[in-house]
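Visitor: Let's see this in three dimensions:
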Amino acid sequence: MLGVGGLPRGPYLVGRVLSDTDIPFAAVMDPVVHAERKKPWIRALGTSALKVYEPMIANRTMQLMRVLEEQPGEVNIGDFFNYFSYDIMCDVTYGGGSELLRDGDTDNVWHFIDEALPSSTFLSHVPYLGILCGKLPMFRPAMDRLINFSKSVTAKRLERGSTIKDIFYYLNNEDLPEKDPPPERHLLDDSLLAIVAGSDTTSSALTSLVYCLLTHPSALKNLQIEIDRFYPADADPCDSKHHREMHYLTAVLNENLRLYPPGPTSTQCRVPHGSDDVMLGSYLVPAGTTVMLPPYTLQRDPRHFSPFTEDFWPERWLVATGELPLADALANAPGEADPQTFAHNEAAFIPFSHGPKGCAGKQLGMQELRTVTIALLQKFQLRLRPGWDTKQFDKDFKDYYVTTRPEVPVTLYPRF
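Guide: Numbering: from 1, shown residues only. Here you go, the predicted model:
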């Protein structure tokens, strides 16, 4: 479905954005056009570009730590992750333009994003109705608010020109002076995609990560030990030089993304109308049929990840890479299990989708997750509200292509 030569995208994003013409590259169904529209994104999110973004991530991460230090008591940690992720995506995309960490969400940005999710999800299943609704003023307030923001910062960025090599620098082909800039509408649609998709996914992953760690004290303790080894109190938590050596951190992040992928349903595909039927495994899929391969379902399938499929057990990743013997991992597992039942199929781990349809921002997102996690646990001890119903998180973790998350009530205490 998703690999090279797989099925083209389905029309669900057309319904979400209320148009079949003004769409970001992620909604383009023609594989050739999609590949062409994705080229600047590949340049914008490649290794050399990420080096430019690293100081931005560091600055916003330390600002997040200062803001959290100023909180007098219990906080909903997800709100602050929302502010951080939105600010950093504006920095990375436009070179600035948002200060939610400093000012709070005075413009109700996240309210409008959350408000739009249920209706846009419904319309994604009836995309023709989304196109119709896009022509009716009563259905456009939330979308228009986001579009107007995008227009404003895009106009300012075009007027200001290049001061840094941000994502816009590549989307506007400023790195290829011999190449004409794309239509302004493409800039609007794609930069808005970067802000909304990039901020929501990071915030979702950070929120679920805090939940997983605070409800699994042994994993939190093991991660704390690793962070203290590589990033003691006097070390810069935003220096990425030790990231590759931190195997337990990688295991924790992967296990979090396995259980709570920020895009639980991910990419829709469609067998083209008028084409031949397609075999997907043992299933015959007729022409015109839309199909999806939800990471949330695939990654919780015991055929791929076992034992403790529904549990947060980072050690499974260390076993798979040979960092930890299976017997040692099972000795500190959530329960008893037969070693013969161990299964770990990383081909079924697709929180960023897969192949040409995979998320171009994967490395940027992982850099943010690593940096914030290290800084947060270097500086704070976190405690959940006593008596808080931890089962509420799973009940209220809802899939609207991206997610809505419940409150995670946390009190933070300085470690040093």
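Visitor: And the strands in the stretch 301-416 of the chain?
Guide: If DSSP state E, counting those that start in this stretch is used as the criterion, the strands of the stretch 301-416 of the chain fall at 305-306, 343-344, 380-384, 398-400, 402-404, 409-414.
Visitor: Can you classify Ser204 by secondary structure?
Guide: Ser204 falls in the helix class when you classify it by DSSP: H, G, I helix; E, B strand; the rest coil.
Visitor: For it, grab the count of nearby residues.
Guide: Neighbourhood size, Ser204 [other C-beta atoms under 10 Å]: 25. For the C-beta atoms, the positions are set from N, CA and C on the backbone; glycine is no exception.
Visitor: burial of the closest residue to it other than its chain neighbours, as a residue count?
Guide: Excluding the flanking residues, the one nearest Ser204 by C-beta to C-beta, 6 or more residues apart in numbering is Pro262, at 4.0 Å. For Pro262, the neighbour count with other C-beta under 10 Å is 27.
Visitor: so who does Pro262 touch?
Guide: Applying C-beta atoms under 8 Å, 6 or more residues apart in numbering, one finds that Pro262 lies in contact with Asp200, Thr201, Thr202, Ser204, Ala205, Pro351, Val402, Thr403.
Visitor: Quick one, which of the residues you listed has the minimum pLDDT?
Guide: Of all the contacts of Pro262, Val402 has the smallest pLDDT value, namely 83.
Visitor: low-scoring stretches of the stretch 201-350 of the chain, by residue?
Guide: Within the stretch 201-350 of the chain, no range satisfies pLDDT under 70.
Visitor: Tell me the buried residues in stretch 112-122?
Guide: Across stretch 112-122, burial judged by 16 or more other C-beta atoms under 10 Å covers Phe112, Ile113, Asp114, Ala116, Leu117, Ser119, Ser120, Thr121.
Visitor: and what of stretch 157-171?
Guide: Arg157, Lys165, Asp166, Ile167, Phe168, Tyr169, Tyr170, Leu171.
Visitor: distance of His344 from Ala320?
Guide: 4 Å (C-beta to C-beta, to the nearest Å).
Visitor: Please say which of the two ends up with more neighbours.
Guide: Ala320 (19 against 14).
Visitor: The more buried one reaches Asn345, doesn't it?
Guide: No: checked against C-beta atoms under 8 Å, the pair Ala320 and Asn345 is beyond contact range at 9.3 Å.
Visitor: Would you map the helices across the stretch 51-200 of the chain?
Guide: Ranges of helices in the stretch 51-200 of the chain, per DSSP state H, counting those that start in this stretch, are 77-94, 100-103, 109-125, 127-133, 141-160, 167-171, 184-214.
Visitor: same check, this time on the stretch 301-416 of the chain
Guide: Assigned by DSSP H, counting those that start in this stretch, the helices in the stretch 301-416 of the chain fall at 315-320, 326-331, 362-379, 391-396.
Visitor: So which of those is nearest Thr267?
Guide: Thr267 lies closest to helix 362-379 among the helices of the stretch 301-416 of the chain, at 13.7 Å (C-beta to C-beta).
Visitor: ok so, going back, what two of the contacts of Pro262 have the greatest distance between them?
Guide: Every pair of the contacts of Pro262 checked by C-beta to C-beta; the farthest is Asp200 and Pro351, at 13.7 Å.
Visitor: and Asp311, how many neighbours does it have?
Guide: Asp311 sits with 15 neighbouring residues when counted by other C-beta under 10 Å.
Visitor: Please tell me how far the closest residue to it other than its chain neighbours sits from Ala375.
Guide: Nearest residue to Asp311, sequence neighbours excluded (C-beta to C-beta, 6+ apart): Pro334, at 4.6 Å. Counting by C-beta to C-beta, the separation of Pro334 from Ala375 is 28 Å.
Visitor: out of the two, which sits in the more crowded spot?
Guide: Set Pro334 next to Ala375 and count neighbours by other C-beta under 10 Å: Ala375 wins out with 21 against 15.
Visitor: Which residues lie in contact with that one in this structure?
Guide: Per C-beta under 8 Å, 6+ apart, neighbours of Ala375: Thr61, Met62, Leu64, Met65, Pro237, Cys238.
Visitor: if you set the cut-off to 7 Å instead, what comes out?
Guide: Thr61, Met65, Pro237, Cys238 (C-beta atoms under 7 Å, 6 or more residues apart in numbering).
Visitor: quick one: which of those is nearest Thr297?
Guide: Scanning those for proximity to Thr297, where the rule is C-beta to C-beta, the winner is Thr61, at 32.6 Å.
Visitor: Surely that closest one is in contact with Arg370?
Guide: No: the criterion here is C-beta atoms under 7 Å, and Thr61 misses it with Arg370 at 10.1 Å.
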